[in-house]
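Visitor: This is a predicted model, with the sequence first.
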Amino acid sequence: MVNKQIGVIGAGNCNESVAMVAEEVGREIAKRGGVLICGGLGGVMQAASHGAKKEGGTTIGILPGSRREDANPYIDIAILSAMGHARNAIIAQSCDALIAIDGEYGTLSEIALSLKMEKTVVLLESKWRIEGTMVAKNAQEAVNMAFEEKQ
């Protein structure tokens, strides 16, 4: 059986309350045996990766550049894309489902690409309401939605 690959997307900089939510999402993914995929940098990505590592989970960072050292300290596997924002398509394609936490325009592009690829997209702490996405009230609900099979 292949473990579910759950993407956690969000801004590279975030406030403490958003970071706490992202860390909880990472913990919940790891508790369920999922692999966390993200952009590998700071902010939401780092907080979620940290949460996953606290639970013994596996983290993959698909980095925008060509330097493994740019990955946050909680990334197990750093994939160097040297593609900048275009890496968002790789993140979207590599995930079974994605959880968007807060975020800016890069996150919005990942949401759109994921929906185009017919992936499950869960919004948490999001300013956007986008047709085809699901909205979660908390981290546990977001992860439950991400792990559900798409109808």
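Guide: Cool, got the structure.

Visitor: helices or strands up against whichever helix in the chain runs longest?
Guide: For the chain, the longest helix by residue count, based on DSSP state H, is helix 16-31. Helices and strands touching helix 16-31, by 3 or more CB pairs under 8 Å, 6 or more residues apart in numbering; DSSP states H and E, are strand 5-9, strand 35-38, helix 44-54, strand 97-101, helix 139-147. C-beta: built from backbone N, CA, C; applies to glycine.

Visitor: beta partners for Val35?
Guide: Beta bridges link Val35 to Gln5, Thr58 when assigned by DSSP bridges.

Visitor: What pLDDT is listed against it?
Guide: Among the per-residue scores, Val35 shows a pLDDT of 98.

Visitor: Pull the contacting residues for the closest residue to Lys127 other than its chain neighbours.
Guide: Computed as CB to CB, 6 or more residues apart in numbering, the closest residue to Lys127 that is not its neighbour in sequence is Asp102, at 7.6 Å. With CB atoms under 8 Å, 6 or more residues apart in numbering as the criterion, the residues that contact Asp102 are Gly10, Ala11, Cys14, Val18, Val21, Val44, Leu124, Glu125, Ser126, Lys127.

Visitor: Quick check on these: which are buried?
Guide: Of the members of the contacts of Asp102, the ones counted as buried by neighbours, 16 or more other CB atoms under 10 Å, are Gly10, Ala11, Cys14, Val18, Val21, Val44, Leu124, Glu125, Ser126.
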